[in-house]
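> quick one, what's the 3D model for this:
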Amino acid sequence: MYQPYLTEYEYYSNCGWIEKNTEKYLISASRHIDSLTFNRIVSKGFENLTEFQQEIIKTVCFDLANFEYDNEDLINSVLQSYSINGVTMQFGASWNIAVINGVAIRHDTYNLLTQTGLTYRGVR
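Got it, this is the predicted structure:
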C-alpha cells in the first residue's frame with residue numbers, strides 16, 4: 001500500500017487541521033509530489049534522502065494537502081472560466097498558483113520543493 005510522505009497525524013492536530021479524510025489528502029499530495037519530482041523520491045527511497053530533503057517534503061506534503069482540501073471544488077472543476085453579469089473567474093495558473101505537470105500548487109510551496117533539488121527537469 002502506498003504510504004504518504006507525511007504520516008504523523010499529530011502534525012495535523014498540532015496545526016488545528018483534523019479531517020476525517022486526512023489520509024486521502026496526504027496520499028493525493030504525496031502522489032502529486034511524485035509527479036513534480038519525476039518519481040525521484042520513489043526511485044531513491046524517502047529514507048535515503050537527506051534530513052533536509054525529508055523535512056521539506058513533509059512540509060510541502062502538509063501545505064499541498066491543505067491547499068487541495070481548501071480548493072477541492074475548484075481543482076476538480078471541468079470549467080476553465082465562467083462569467084456571470086460581467087464578473088469573470090478563471091481557473092489555472094495565476095500570480096500565486098502554478099499548474100505544473102497537471103498539478104495545481106501555490107508558487108511558494110513549489111519553490112520550497114525546488115530546494116530539494118528533486119524538481120530539476122534536466123538529465124543528471
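> all strands of this structure, in order?
81-84, 87-90, 97-100, 103-106 (DSSP state E).
> what about the closest residue in space to residue 60 that isn't next to it in sequence, distance to residue 68?
Nearest non-adjacent residue to residue 60, counting by Cβ to Cβ, 6 or more residues apart in numbering: residue 113, 4.8 Å away. Quick note: C-beta positions are derived from backbone N, CA and C, even for glycine. Distance of residue 113 to residue 68, computed by Cβ to Cβ, to the nearest Å: 15 Å.
> more neighbours: those two, which one.
Ranked by neighbour count (other Cβ atoms under 10 Å), residue 113 and residue 68 place residue 113 first, with 24 against 20.
> now this protein, which segments are flagged as low pLDDT?
The model of the chain has pLDDT under 70 over residues 8-20, 77-83, 88-95, 123-124.
> ok, now which ones touch the residue nearest to the spatial centre of it?
Most central in the chain under Cα atoms, centre = their mean is residue 64, positioned 3.4 Å from the mean C-alpha point. Going by Cβ atoms under 8 Å, 6 or more residues apart in numbering, residue 64 touches 29, 32, 33, 105, 109.
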